[in-house]
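I would like to see how this sequence folds:
(one chain, ligands or ions: 2)
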Amino acid sequence: MKDYPARPGFPCEESKFPWLSMLLDAYAIIDSGVALAIDEQEAKRSVKLACKEGCDNCCMQKDIPVYPLELVGIYWFSTEKIVPPVRKTLKEQLSQHEKSDPCPFLMDNSCSIRPIRPVSCRQFNVLGRPCDTGEDPYYSRRGDVLTPLEEYTERAFSAMMPFYGVSGEAVSDRAVIDSIIHAQAGNIQTYDWKNLARIMDNFDSKNI
Ligand code: SF4
Ligand code: SF4
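Ligands and ions are numbered 1, 2, ... in the order given. Modelled structure (predicted):
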């Protein structure tokens, strides 16, 4: 049994931004579900997780969903938490990013926004062998792609629902989640990131 990943915490900011706690709680649920699913599949199939540090072919795929609350988290983390020298490179990548490029947060084979990376990145895991360059294992070997545990995914999206103005029993209503969150999914690779580069520049000019 692996250690389950710890929830990243930003106590000072979480006291100011309730949405941040929602997002980090949701990510902690997702991470627990992923760890459990990996344990189950490794034991059942006698194969190991292929994903490891520095393995980045998945970050170059064209379809990486990102949801509105996740975008808020990415904007906040990039603007307020990323420090030099990564910050300079990230601003360059964001301002030059074109829709056909890999995810602009990929840097030196790793994720520059790892604590706040989207659900889709957290849940995309492959068993057996690492993905080849350009391979999308979802199509080439679906059986090796980890199927996330639905219960954890639903709990995580429920934890985000107050951000969208939903409360009470409706937070766990699948139809409501689909109509509010999934209907607003964007794509991390085709999103226009130049505005984030400008916001980071503005932040820097006020905080020199
Ligand atoms: S999904 Fe594929 S490319 Fe991404 S970390 Fe796992 S094995 Fe590597
Ligand atoms: S956000 Fe991070 S993990 Fe997700 S695709 Fe981009 S670089 Fe990869």
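
phi, psi for the residue nearest the centre of the chain please.
Among the residues of the chain, Pro118 comes closest to the average C-alpha position under CA atoms, centre = their mean, at 1.4 Å. Backbone geometry at Pro118, expressed as degrees, to the nearest 10, gives phi -70, psi 160.

surely it meets Leu69?
No - using CB atoms under 8 Å, Pro118 is not in contact with Leu69, being 9.8 Å away. From N, CA and C alone the C-beta is placed, and that goes for glycine too.

okay, now the unreliable bits of this protein?
Counting by pLDDT under 70, the chain shows low-confidence ranges at 1-4.

close to ligand 1: what parts of this structure are there?
Proximity of the chain to ligand 1 (CB under 6 Å from any ligand atom) is limited to residues Ala50, Cys51, Cys55, Asn57, Cys58, Phe124, Asn125, Val126, Pro130, Cys131.

which of these sits closest to Met22?
Using CB to CB, Phe124 comes nearest to Met22 of these, at 22.0 Å.

for that closest one, what are its contacts?
By CB atoms under 8 Å, 6 or more residues apart in numbering, the contact list for Phe124 reads Cys58, Val145, Leu146.

out of the residues of the chain next to ligand 1, which end up buried?
Asn57, Cys58, Phe124, Asn125, Val126, Pro130, Cys131 (16 or more other CB atoms under 10 Å).

for the last one, pull up the helix or strand it's in.
Going back to what we said before, that points to Cys131. Assigned by DSSP states H and E, Cys131 belongs to no helix or strand.

give me the nearest residue to it, chain neighbours excluded.
Using CB to CB, 6 or more residues apart in numbering and skipping the chain neighbours, the partner closest in space to Cys131 is Asn57 (4.3 Å).

doesn't Asp132 make contact with the one you found?
Yes - look at Asn57 against Asp132 with CB under 8 Å: they come within range, at 7.0 Å.

get me the contact residues on the protein for ligand 2.
So the chain meets ligand 2 at Cys59, Ile64, Cys103, Phe105, Leu106, Cys111, Ile113, Arg117, Cys121, Ile188 (CB under 6 Å from any ligand atom).

now do 5 Å
Selection of the chain residues close to ligand 2 by CB under 5 Å from any ligand atom yields Cys59, Cys103, Phe105, Leu106, Cys111, Arg117, Cys121.

for the fourth one, list the residues it contacts.
Right, the one you point to is Leu106. Asp56, Cys59, Met60, Ser112.

circling back: list the contacts for the residue nearest to Cys131?
When contacts are counted by CB under 8 Å, 6+ apart, Asn57 touches Pro130, Cys131, Asp132, Thr133, Gly134, Glu135.
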